[in-house]
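A.B. asks: build me a model:
(chains A and B, ligands or ions: 2)
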Amino acid sequence: MYDLLTNLLGNQIVAYVIAASLPLIFVLTFVLFAVLAERKVSAHMQDRLGPMRVGWHGIIQTLADMLKLLQKEDIVPEGADKTLFNLAPLLTFLGTYAAFAAIPFAGIYVGSSTAIGIYYVTAVSGLVVAGLLLAGWASDNKYSLYGAMRTAAQIVSYEIPTAIAILTMVMVSGTLSLMKISDMQTAHFWNWWILGGPETGIVKFLLIPFMIITFLIYYISSLAEVNRTPFDLPEAESELVSGYHTEYSGMKFAFFFLAEYANMFAVSAIAVTLFLGGFHSPIGYLGHSLGIDWLVPVEQFFWFTFKGTALVFVQMWLRWTLPRVRVDQLMVICWKYLIPYAVVNLIIVGIITLL
Amino acid sequence: MKKYLKNTWDALWTIFIGMKVTWKHLFIPSVTIQYPDEHRPIPDRARNRLYVNIDDCIGCMQCQRACPVDCIDIKTVKALPTDELGLTSKGTKKALWVTQFNIDFAKCMYCQLCVFPCPTECITMTKVFEFSEYEREKLLYNFSNLTLSEVKEKEENYAKFMEKKAAEKAAAAAAKAKAAAEAKAKQEAEKKDNDNKPSSEEKDS
Ligand code: SF4
Ligand code: SF4
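C.D. replies: Ligands and ions are numbered 1, 2, ... in the order given. Take a look at the predicted model:
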């Protein structure tokens, strides 16, 4: 991508800036629609209609909300630590956005084709915790602090099953590069890792149930990592008045919102890349059969967004299905269930791959 | 161990059941009524804004008296005998000009107590309930159909009529007094005459 842009523009810096801001455009549009989708999904699951007034079926409701947020007064509480308070939303969004750098959107577009992609993503998502902790601490509000503490405890705990699930995938695929993992699952959907990947024979069939378990473990713990219901204790509206972002208003609040929804897509994108074939089409490419080369990346991008959005939809679906878990249940799910399963799964998958 | 596995299974299974339920609800038509565009039918006997059919009102003020919060303010002027006010739809004769029929809906509590005593059934509840205003004064509805100049005219007419009547009365009274005085004077004069010539009186009778 850089090479292409550099050749096109003849300037490396401009090429870098453009390549770096492409995901931002994607994230902004995605959030715009995801927020609306969330409201629509929640509404229809509760037999309501959701936003209906702004535009056709409320299609530009989020835009209107954003305009509203832009106009709001930017309040910094008196007792707050101003520097940290202002830094927190930025840091949160930064952590989320940095993860997008290693996500391969299409064969020709990945922010950084680093060889340690998945490792980098796991590590850089840690910034989000720092941002949320800062937000809670700097707000000088007991609820915010509670929320922040819960976030920290939760995300740090759930990093472990996530990491073990990712480790399982790294073990079977033998690489840390997200690009390479995607390319392993090319061609058809039976090459997806969740269906045994490009392995052949008995190994493939033995792998399938354990891959599904890995996927479930990853998916559940990723839910907890992005603070979605049933693990939305950090921002539990009913107990904590929205937790760490209680004191935020206007654009800073919007940043938390943006980060949350971007994060939802980021974890879904990782799940897609690891298990569901990444950007590869499940049924072959139209561009290849028609002989139109430029169509292939477009299709790839479409499939990637489609799969990612589908997983985000499942996140929303779960959110409007399940009640919030208690703090002790949260810890029980993580330490007593997810981690043992993940470890046992890791060992079994290891043995199978040795076959 | 068995319980542990069962717990896991139950958790996953019940989540799937829950998801099935919400999935079904995703396609159930919503129950939302888009309020300003759609309305729920209002019950027949709902109590909303009042309406006064002023053509039928005879200005009896029964409603004003019945109102517990005194939000009806009626003013009437008597009609002249020559004025033709027509009949109400129930056939009652109207004898008063209703020069003012104010209902203050900011005060009204929609108890409907004013509706029952009306002899001509001209004050009624309607189905209109969306009449909020930005200024409270706008909630003061005047149902009288007389213009200000008409009201003035009626008042003047009545005043004039009363003056005329008073004058007539005074004149009548004066005439009566005069007549009485004359009669008295005559009587007295006669009495005097009688005193003077009692014999003739006796003769006459
Ligand atoms: S409805 Fe009740 S409060 Fe309203 S004008 Fe009639 S009597 Fe008065
Ligand atoms: S009771 Fe009926 S007729 Fe009498 S003043 Fe009221 S509205 Fe008019």
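A.B. asks: which element is the nearest residue to residue B:32 once chain neighbours are set aside on?
C.D. replies: Using Cβ to Cβ, 6 or more residues apart in numbering or on different chains and skipping the chain neighbours, the partner closest in space to residue B:32 is residue A:49 (4.2 Å). The C-beta positions use only the backbone N, C-alpha and C, and glycine is treated the same way. Under DSSP states H and E, no helix or strand contains residue A:49.
A.B. asks: buried ones in the longest strand belonging to chain B, by neighbour count?
C.D. replies: When secondary structure is assigned using DSSP state E, the longest strand within chain B turns out to be strand B:96-104. For strand B:96-104, burial by neighbour count (16 or more other Cβ atoms under 10 Å in any protein chain shown) applies to B:96-101, B:103-104.
A.B. asks: stretch B:89-98 now?
C.D. replies: Neighbour-count burial for stretch B:89-98, with 16+ other Cβ under 10 Å as criterion, is recorded at B:94, B:96-98.
A.B. asks: same question, stretch A:332-347
C.D. replies: Judged by neighbour count (16+ other Cβ under 10 Å), stretch A:332-347 contains these buried residues: A:333-334, A:337-339, A:341-342, A:345-346.
A.B. asks: which residues of the stretch 1-150 of chain A lie near chain B?
C.D. replies: A:41, A:43-49, A:52 (Cβ under 8 Å from any Cβ of the partner chain).
A.B. asks: would you check which pair of those lies furthest apart?
C.D. replies: Distance extremes for the residues of the stretch 1-150 of chain A next to chain B: the farthest pair is A:45 and A:52 at 16.1 Å, using Cβ to Cβ.
A.B. asks: residues in contact with the nearest residue to residue A:193 once chain neighbours are set aside?
C.D. replies: Closest residue to residue A:193 apart from its sequence neighbours, by Cβ to Cβ, 6+ apart: residue A:275 at 5.0 Å. For residue A:275, the contacting residues are A:169, A:192-194, A:211, A:214-215, A:218, by Cβ atoms under 8 Å, 6 or more residues apart in numbering or on different chains.
A.B. asks: swap the cut-off to 6 Å and go again
C.D. replies: A:193-194, A:215 (Cβ atoms under 6 Å, 6 or more residues apart in numbering or on different chains).
A.B. asks: how about residue A:40?
C.D. replies: Contacts of residue A:40 (Cβ under 6 Å, 6+ apart): residue A:50.
A.B. asks: in what helix or strand does it lie?
C.D. replies: Assigned by DSSP H and E, residue A:40 falls in helix A:12-45.
A.B. asks: mind listing what's buried along that helix?
C.D. replies: A:15, A:19, A:22-23, A:26-27, A:30-32, A:34-45.
A.B. asks: domain-wise, how is chain B divided?
C.D. replies: Domain assignment for chain B, taken from automatic domain parsing, gives B:50-146, B:148-188.
A.B. asks: could you find the closest non-adjacent residue to residue B:58?
C.D. replies: Using Cβ to Cβ, 6+ apart, the nearest residue to residue B:58 is residue B:94, at 5.1 Å.
A.B. asks: and the gap between the one you found and residue B:83?
C.D. replies: To residue B:83, residue B:94 is 9 Å away according to Cβ to Cβ, to the nearest Å.
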